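S.K.: My questions are about this predicted structure, shown below with the sequence.
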Amino acid sequence: MTSSRVRFGWGLAIVAIAALLAACPADDPVTTTGLAPGAGNVAPSEDPQPTVAPIRTPAPTPTPIFVTPAPTPTPVQVGGGTETGSPAPSPTPTRAPTPAPTVAVSTVTLTPGEATLNLPPADPDQVGVLPSSVQLVATVRYGDGSTDHDVSWSVSGPAVTVAGGLVSARQVGTVRVTAAARRDPDRTASVTVTVKADGLLDLVID
């Protein structure tokens, strides 16, 4: 009796399962307990998309920066101590100016060419027939035709004195008065000057 009931129970279970399967649509997937995951449920195949390799942009090359170090300050002695400071700049050498070419002296001349003088009268009532002084003029002529009066004076004796070409009688005698060019002392000119004591006249006032 018990065996018949068991067979009858299994039969009802099988019929129920068959009815359930018949009621399900054919295109609906049925998951049956005990099947491996994914069995009977295959996804449609699709074309794989190509893999695009990433493009790497190179990093920019850094520009080198050159830094000039500041000069090391030189210790400067100040008073009794030492201070640090920049040294004084060296003075710029000054070039000496180029001298102008020297023009050679051609000649030196004196006028008048000779002179005769009287001693100055000691008596105010007398007057000399001849002057007691004379002005000499020296002319220096150069190779380029230019002239000037740049000379030095000298006299050979004490009979006269000369200053700037002015010759003054001092005592009786004969002397040589010489003018020398300052640019070339070897170029000279001389005149003879004679000093006399006679030739004095008395002044008579009526």
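M.R.: Thanks, I have the structure now. Note that the structure is a prediction, hence the values are computed from the model and not measured.
S.K.: Quick one: find the helix or strand in the protein with the lowest mean pLDDT.
M.R.: Within the chain, confidence by mean pLDDT, DSSP states H and E is lowest for strand 81-85 among all helices and strands, at a mean of 54.
S.K.: okay, the next helix-or-strand element following it in PDB with CA atoms only?
M.R.: Counting by DSSP states H and E, the next helix or strand C-terminal to strand 81-85 is strand 105-111. The C-alpha coordinates for strand 105-111 follow below in PDB (Å, rounded to 0.1, in the frame of the first residue of the first chain):
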ATOM      1  CA  VAL A 105     113.000 128.900 -38.400                       C
ATOM      2  CA  SER A 106     114.400 130.400 -41.600                       C
ATOM      3  CA  THR A 107     115.800 133.800 -40.500                       C
ATOM      4  CA  VAL A 108     115.900 136.400 -37.800                       C
ATOM      5  CA  THR A 109     116.300 140.100 -38.700                       C
ATOM      6  CA  LEU A 110     116.700 143.300 -36.600                       C
ATOM      7  CA  THR A 111     115.900 146.900 -37.400                       C
END
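S.K.: List the buried residues in the next helix or strand after strand 105-111.
M.R.: Per DSSP H and E, the first helix or strand lying C-terminal to strand 105-111 is strand 114-118. For strand 114-118, a neighbour-count test (16 or more other CB atoms under 10 Å) marks 115, 117-118 as buried. C-beta coordinates here come from the backbone N, C-alpha and C atoms, glycine included.
S.K.: what's the lowest-pLDDT member of the residues you listed?
M.R.: The lowest pLDDT within the buried residues of strand 114-118 belongs to residue 118, with 92.
S.K.: ok, what's across the strand from that one?
M.R.: Note on residue 118: beta-bridge partners residue 196, judged by DSSP bridges.
S.K.: In contact with it, which residues?
M.R.: Contact partners of residue 118, counting by CB atoms under 8 Å, 6 or more residues apart in numbering, are 128-132, 169, 195-200.
S.K.: In PyMOL, how would I select just the buried ones from these?
M.R.: Listed next is the PyMOL selection for buried residues among the contacts of residue 118, using 16+ other CB under 10 Å:
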select buried, resi 128+130+132+169+195+196+200
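S.K.: Just put the contacts of residue 118 in CSV and tack on distance to residue 97, pLDDT and secondary structure.
M.R.: Formatted as CSV, those follow (distance: CB to CB, whole Å; pLDDT from 0 to 100; DSSP: H, G, I helix; E, B strand; the rest coil):
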residue, distance to residue 97, pLDDT, secondary structure
128, 54, 72, strand
129, 56, 79, coil
130, 51, 87, coil
131, 47, 91, coil
132, 48, 92, coil
169, 47, 95, strand
195, 48, 95, strand
196, 53, 92, strand
197, 56, 87, coil
198, 59, 79, coil
199, 56, 66, coil
200, 58, 63, strand
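S.K.: Return the member of the contacts of residue 118 nearest to residue 111.
M.R.: Using CB to CB, residue 131 comes nearest to residue 111 of those, at 15.5 Å.
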